[in-house]
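1. Need coordinates for the below:
(4 chains)
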There are 2 protein chains.
Amino acid sequence: MSPVSIKDIARAAGVSHSTVSRALRDSPLVSPETKARIKRLAEEMGYSPSAVARGLVTRRTRTVGMVVTSIADPFVAEVMRGVEDAAHQAGYSVFLSSSRAIPEREISVVRTFRQRRVDGVIVTASRVGSLYAPLLEEIQVPVVLINNQQPGTYTYSVSMDDREGAQMAVDHLIQLGHRRIGYIGCVHREASSQAREAGYRAALEAHGISPDPRWMVYPTETEDVQNGQIGLDLLLALPSPPTAIFCYNDMTAIGVLQRCYRRGIRVPDDLSLVGFDDIAIAAYTIPPLTTVRQPKYEMGYQAMEMVLDLLEDHPVEDVLVQGTLIVRDSCQPPNT
Amino acid sequence: MSPVSIKDIARAAGVSHSTVSRALRDSPLVSPETKARIKRLAEEMGYSPSAVARGLVTRRTRTVGMVVTSIADPFVAEVMRGVEDAAHQAGYSVFLSSSRAIPEREISVVRTFRQRRVDGVIVTASRVGSLYAPLLEEIQVPVVLINNQQPGTYTYSVSMDDREGAQMAVDHLIQLGHRRIGYIGCVHREASSQAREAGYRAALEAHGISPDPRWMVYPTETEDVQNGQIGLDLLLALPSPPTAIFCYNDMTAIGVLQRCYRRGIRVPDDLSLVGFDDIAIAAYTIPPLTTVRQPKYEMGYQAMEMVLDLLEDHPVEDVLVQGTLIVRDSCQPPNT
DNA sequence: CTGTTAGCGCTTTCAG
DNA sequence: CTGAAAGCGCTAACAG
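-> The predicted structure is shown next:
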């Protein structure tokens, strides 16, 4: 009934269980013949080594815990893909948990990971507050943060160069001839929103345009799409509204697009739009969205590689990845 | 250095480790005083019980393995949310792995889950072929399939009533006055695509319309969006093209929308469109998409509950969930 | 090359 | 109510 163990195989093969253990792990300390015999036997008996028993003795489970704020977020999904691929390749499995930015849940997730003796933890797009740091500290394993929103932590990280990316986006708009450019930010992800705003300002200033404070709006909805919708209304209510808008991210841009459709504003004819992230759907909005691509998959992949390195005591450095501007159809020169 | 164990606590408390074990698990066999003392000590010493050690002895790991074809699929993401929520609530953790419909990878994923001694397995939107069944059989734990594309398997399942959902969608179109209605199917998910086609036909026939075979197209791209684009071209090339299209899923509909935009066809003015799934983005396409909602989150949630029931030897029955028609703005009466 | 012996951290009889 | 002992399935010295 219960799964066959090395002991069962040992008995069947007439050897000790440690010989079986060695044979199965291709130790050179076993004669080729017995090794072959044992392997065949294991196969026949349907043996599957117990990772939990192994984990208990080696004190390495070959698992990592991944905590995300939302599983359904398309950005996060791509990152997860990268993490999972890298993990799978290295023989690691990944536990997935969503924190939903609910403090109690965050606590219980990390606590659970700790109990499961994961070898490392990866946290994506953390919106978390003060609660987190101590928790992550107590877990005693490598923790790498992806696009952390909590400045100055002690952990390792892979992050997007938000400032640079934003600057590219806005520069593109300026090259097209826009001068009044709005920015719809995000209050829930302060660090990145600030950085993107900084890039936005830098681009404007580099071209001798001094950013009007009213061009920068920060709706407070929890949903990005909503933020975009409201942000657009805010911006269009200005005496002389922007001819182009740089959005915190693609979902925000989609909200803007949506509102434009409702209000009969044509994009890009009446208004140019740039997003951020390049989530999959950005290529299929109407019109297809010009945006700054974050190498999401790679970021996840690298984060996983980083915990692997950390686990082997290799020196690791935080990585800062660069975005790339993806020009599609949501921008054109201003017609006013 | 190594984490504190019950032995350490036992030593500190001057009791045996089994007493500590009992106390920590709130056994009534321990006096309230010592129980309290032990708990306080555990807390102070930063004790975290080892789920792996516990798993070894109890032969229950309180984990489930979830295999998906693609992590980045928005449909799958919602299902995962449901699974994870239900799991979390029951004190379970979930391993996530993507098969990418690559046979070797599927094998290695299931094999790994088995080695990890997961208590159950959930498989979503399996496109898998013959390879799978034997593997799932060998794993010896409850397996529940969500929207399985492999008819007649021995495992438990939660599935969408595709036929019924499709019929609702097409019926809606007919009510609006459409008579020539196209269907863009999906060759890669045969079971559900067939079922949706059956619902489509049933709706037409119920209204005395005999479906023209040319109205049903099955582009063979791997990407749903592409299928939609090509499907539209195919349908519009017909002598008297449909005035409405029912799409296999929302991503397909998005492809159609995209192509319509390129070709200058207005939706819903010139063409009505219905999708399937109701993925998050469907509410934000232009125009917002009328579609059939699959209760994705609930399906995942129920799948997890099903493995929980199976684990406790409760009787379980396969579940067939019903969709609901979500009317948005992509349909109107035909203008021709 | 192979077997014996411990022991990973915990639960669980079985005796007190 | 508490302790002693065994054992989950495996790895890792340590002897042969």
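
2. show me where chain A has strands.
-> Using DSSP state E, the strands of chain A run over residues A:63-68, A:93-98, A:120-124, A:143-146, A:156-160, A:181-184, A:216-217, A:244-247, A:272-274, A:291-293, A:319-321, A:324-326.

3. how close does A:D224 sit to chain B?
-> 10 Å (Cβ to the nearest Cβ, to the nearest Å). Yep, even glycine has a C-beta here, placed from its N, CA and C like the rest.

4. For chain B, find the nearest of the strands of chain A.
-> strand A:93-98 (4.3 Å; Cβ to the nearest Cβ).

5. Would you confirm that A:G231 contacts A:Q258?
-> No: the criterion here is Cβ atoms under 8 Å, and A:G231 misses it with A:Q258 at 11.6 Å.

6. which one of those two has more residues nearby?
-> A:G231 (29 against 22; other Cβ atoms under 10 Å in any protein chain shown).

7. Tell me the confidence at that one?
-> Looking at A:G231, its pLDDT reads 97.

8. which residues does the nearest residue to it once chain neighbours are set aside bridge with?
-> Leaving aside its chain neighbours, A:G231 sits nearest to A:I184 (3.4 Å; criterion: Cβ to Cβ, 6 or more residues apart in numbering or on different chains). When bridges are called by DSSP bridges, A:I184 pairs up with A:V217, A:C247.

9. Break down the stretch 51-200 of chain A into its helices, ranges please.
-> For the stretch 51-200 of chain A, the helices defined by DSSP state H, counting those that start in this stretch occupy A:51-58, A:74-89, A:103-115, A:132-138, A:162-175, A:190-206.

10. Can you spell out which helices and strands pack onto the second one?
-> This points to helix A:74-89. Applying 3 or more Cβ pairs under 8 Å, 6 or more residues apart in numbering or on different chains; DSSP states H and E, we find helix A:74-89 packed against strand A:63-68, strand A:93-98, strand A:120-124, helix A:296-311, helix B:74-89, strand B:93-98, helix B:103-115.

11. near chain B, which residues of the stretch 101-250 of chain A show up?
-> For the stretch 101-250 of chain A, the contact set with chain B under Cβ under 8 Å from any Cβ of the partner chain comprises A:R105, A:S108, A:V109, A:R111, A:T112, A:R114, A:Q115, A:R116, A:R117, A:E138, A:Q140, A:V225.

12. try 7 Å
-> Contact residues (Cβ under 7 Å from any Cβ of the partner chain) of the stretch 101-250 of chain A with chain B: A:T112, A:R114, A:Q115, A:R116, A:R117, A:E138, A:V225.

13. any idea which of the residues you listed is closest to DNA strand D?
-> Proximity of these to DNA strand D (Cβ to the nearest atom of the strand) peaks at A:R117, which lies at 12.9 Å.

14. what residues are up against the closest one?
-> A:R117 sits next to A:G55, A:T61, B:S50, B:A51, B:V52 when contact means Cβ atoms under 7 Å, 6 or more residues apart in numbering or on different chains.

15. what do you get if the cut-off is 6 Å, keeping everything else the same?
-> A:T61, B:V52 (Cβ atoms under 6 Å, 6 or more residues apart in numbering or on different chains).

16. What of the one 4 residues further on?
-> Shown here is A:V121, whose contacts under the criterion Cβ under 6 Å, 6+ apart are A:G65, A:F113, A:V143.

17. isn't the second one right up against A:G65?
-> Yes: look at A:F113 against A:G65 with Cβ atoms under 6 Å: they come within range, at 3.5 Å.

18. residues from the stretch 1-150 of chain A in reach of DNA strand C?
-> Applying Cβ under 7 Å from any atom of the strand, we find that the stretch 1-150 of chain A lies next to DNA strand C at A:14-19, A:22, A:28-32, A:34-35, A:53, A:56-57, A:59.

19. Once you drop chain neighbours, what's closest to A:P287?
-> A:D329 (3.9 Å).

20. burial count for the one you found?
-> 15.

21. just A:V67 next, same as before
-> 25.

22. Tell me how far it lies from A:D224.
-> Computed as Cβ to Cβ, to the nearest Å, the A:V67 to A:D224 distance reads 20 Å.

23. Also A:V316?
-> In terms of Cβ to Cβ, A:V316 sits 32 Å off from A:D224.

24. Domain ranges for chain A, per the record?
-> Per the record, chain A has its domains at A:6-54, A:59-160+A:295-322, A:162-294, by automatic domain parsing.

25. Need these in a markdown table (columns: distance to B:G323).
-> Below are the domains of chain A laid out as a markdown table (distance: least, Cβ to Cβ, whole Å):
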| stretch | distance to B:G323 |
| --- | --- |
| domain A:6-54 | 39 |
| domain A:59-160+A:295-322 | 19 |
| domain A:162-294 | 22 |
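
26. Nearest to B:G199, out of those domains?
-> domain A:162-294 (26.0 Å; Cβ to Cβ).

27. Determine how far that closest one lies from the middle of the whole chain.
-> On the basis of Cα atoms, centre = their mean, to the nearest Å, domain A:162-294 sits 21 Å off its chain's mean C-alpha point.

28. End to end on that domain, go ahead and measure it.
-> Taking Cα to Cα, to the nearest Å, domain A:162-294 runs 9 Å from one end to the other.

29. Name the nearest residue to the residue most central in space within chain A, ignoring sequence neighbours.
-> Centroid-nearest residue in chain A: A:V79, 4.0 Å away (criterion: Cα atoms, centre = their mean). The shortest distance from A:V79 to any non-neighbouring residue, by Cβ to Cβ, 6+ apart, is to A:G300 (3.8 Å).

30. In contact with the one you found, which residues are there?
-> Counted by Cβ under 6 Å, 6+ apart, A:G300 has contacts A:V79, A:G82, A:V83.

31. now with 10 Å?
-> By Cβ atoms under 10 Å, 6 or more residues apart in numbering or on different chains, the contact list for A:G300 reads A:66, A:76-87, A:122, A:124, A:146, A:158, B:71.

32. same thing with A:L271?
-> Taking Cβ under 10 Å, 6+ apart as the test, what A:L271 contacts is A:178, A:182, A:232, A:235-236, A:241-245, A:256-257, A:260, A:265, A:330-332, A:334-335.

33. coming back round to it: from memory the residue nearest to A:G231 sits against A:A244, does it?
-> No: at 11.6 Å, A:I184 does not count as touching A:A244 under the criterion of Cβ atoms under 10 Å.

34. more crowded one of these two?
-> It is A:I184, of A:I184 and A:A244, that has more neighbours when counted by other Cβ under 10 Å, with 29 against 26.

35. Tell me the confidence at that one?
-> 98.

36. do you know how far the residue nearest to A:L135 when sequence neighbours are not counted is from A:S159?
-> Nearest non-adjacent residue to A:L135, counting by Cβ to Cβ, 6+ apart: A:V110, 4.8 Å away. A:V110 is 21 Å from A:S159, where distance means Cβ to Cβ.

37. Settle it for me: which of the two has more neighbours?
-> Just comparing A:V110 and A:S159: by other Cβ under 10 Å the higher neighbour count belongs to A:V110, 24 against 18.

38. Neighbours of the spatially closest residue to A:G323 that is not a sequence neighbour, how many?
-> Excluding its sequence neighbours, the residue lying closest to A:G323 (Cβ to Cβ, 6+ apart) is A:G165, at 3.5 Å. Residues lying near A:G165 (other Cβ under 10 Å) number 25.

39. What does the pLDDT read for A:A283?
-> In this prediction A:A283 is given a pLDDT of 97.

40. ok, now the one 3 residues further on?
-> At A:I286, the pLDDT value in this model is 96.

41. ditto for the one 10 residues further on
-> In the predicted model, A:K296 carries a pLDDT score of 97.

42. Equivalent analysis for A:L136, please.
-> For A:L136, pLDDT reads 69.
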